[in-house]
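Colleague: Mind folding the following:
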Amino acid sequence: MAASHHGPDVIWSTIKWHHAYLRKQKQSRGSPAYLSSEPFNLNNVHSRGGSGFTQEKAATVNFRKPGLTLSIQTSINKKRVSKRTGKLRKTPFGNYETQLGNKGDIRAKYAVIRKNFRLFGIRPQQQDLVLARASAIFRSQLPPKAKKPEKKSRKEILALRKAAAKK
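Modeller: As a prediction, the model looks like this:
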């Protein structure tokens, strides 16, 4: 997370090639691919936009035993005027976690994620990545589908009909 007295550009230029989460992967041709395994890097791409360190607000989704957990970190504390009441209120600051559970309507869980993103004012690009990761986690937790019986060929069907007709 970005410190309040340094900008994201300064932090990124400092840690760009020197941090513990940087991974170098061999490719078949050309230069190696640089990936990142940071906690708040949702697409694991080594870039300033995807880096969880340099963002003032970041979010991620993880699977824990009872279900899905939405984690949000903010490093800035802004004051803003509420649209409904017109009163001055502070945005949440620090770490925030919410359990989304494993049962119930999946779309309702997506709505909770969107609501928290609006509340914290996190970038819309990051919301899309979090929703994609959440849907992948939900799909991985579904029970496997039953296999369909193999379809018989046209020749086998005709042979079965002939055998039944002879009896």
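Colleague: measure stretch 147-154 end to end?
Modeller: This stretch, stretch 147-154, spans 21 Å end to end (Cα to Cα, to the nearest Å).
Colleague: How about stretch 52-59?
Modeller: Terminal residues of stretch 52-59 are spaced 8 Å apart (Cα to Cα).
Colleague: Repeat that for stretch 140-151.
Modeller: End to end - Cα to Cα - stretch 140-151 spans 27 Å.
Colleague: Off-centre distance for it?
Modeller: Stretch 140-151 sits 25 Å away from the centroid of its parent chain (Cα atoms, centre = their mean, to the nearest Å).
Colleague: Please enumerate residues in contact with stretch 107-114?
Modeller: Identification of contacts with stretch 107-114 by Cβ atoms under 8 Å, 6 or more residues apart in numbering yields V61, L68, L70, T98, L100, G101, Q127, V130, L131, A134, S135, F138. No exception for glycine: its C-beta is placed from N, CA and C like everyone else's.
Colleague: and the third one, what is it in contact with?
Modeller: Contacts here follow Cβ under 8 Å, 6+ apart; on that basis L70 touches A59, T60, V61, E97, T98, L100, V112, I113, N116, V130.
Colleague: Excluding chain neighbours, give the residue nearest to the fourth one in space.
Modeller: This points to E97. Nearest residue to E97 in three dimensions, chain neighbours excluded: S71, at 5.0 Å (Cβ to Cβ, 6 or more residues apart in numbering).
Colleague: any idea which element that neighbour lies in?
Modeller: strand 67-74 (DSSP states H and E).
Colleague: got the CA coordinates for that strand in PDB?
Modeller: What follows is strand 67-74 as a C-alpha-only set of coordinates in PDB (Å, rounded to 0.1, in the frame of the first residue of the first chain):
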ATOM      1  CA  GLY A  67     -17.000 -19.200   2.000                       C
ATOM      2  CA  LEU A  68     -15.700 -16.100   0.200                       C
ATOM      3  CA  THR A  69     -13.800 -13.200   1.900                       C
ATOM      4  CA  LEU A  70     -13.600  -9.700   0.400                       C
ATOM      5  CA  SER A  71     -10.500  -7.800   1.700                       C
ATOM      6  CA  ILE A  72     -10.100  -4.100   1.100                       C
ATOM      7  CA  GLN A  73      -7.100  -1.900   2.100                       C
ATOM      8  CA  THR A  74      -7.100   1.900   1.900                       C
END
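Colleague: Mind listing the strands that strand pairs with, and their directions?
Modeller: strand 57-64 (antiparallel), strand 94-101 (antiparallel) (DSSP bridges).
Colleague: Residues contacting the first one, please?
Modeller: Yep, that's strand 57-64 we're talking about. Outside strand 57-64, the residues that touch it by Cβ under 8 Å, 6+ apart are 1, 39-40, 42, 52, 68-76, 99, 113, 116-117, 120-123, 126-127, 130, 133-134, 137, 140-141.
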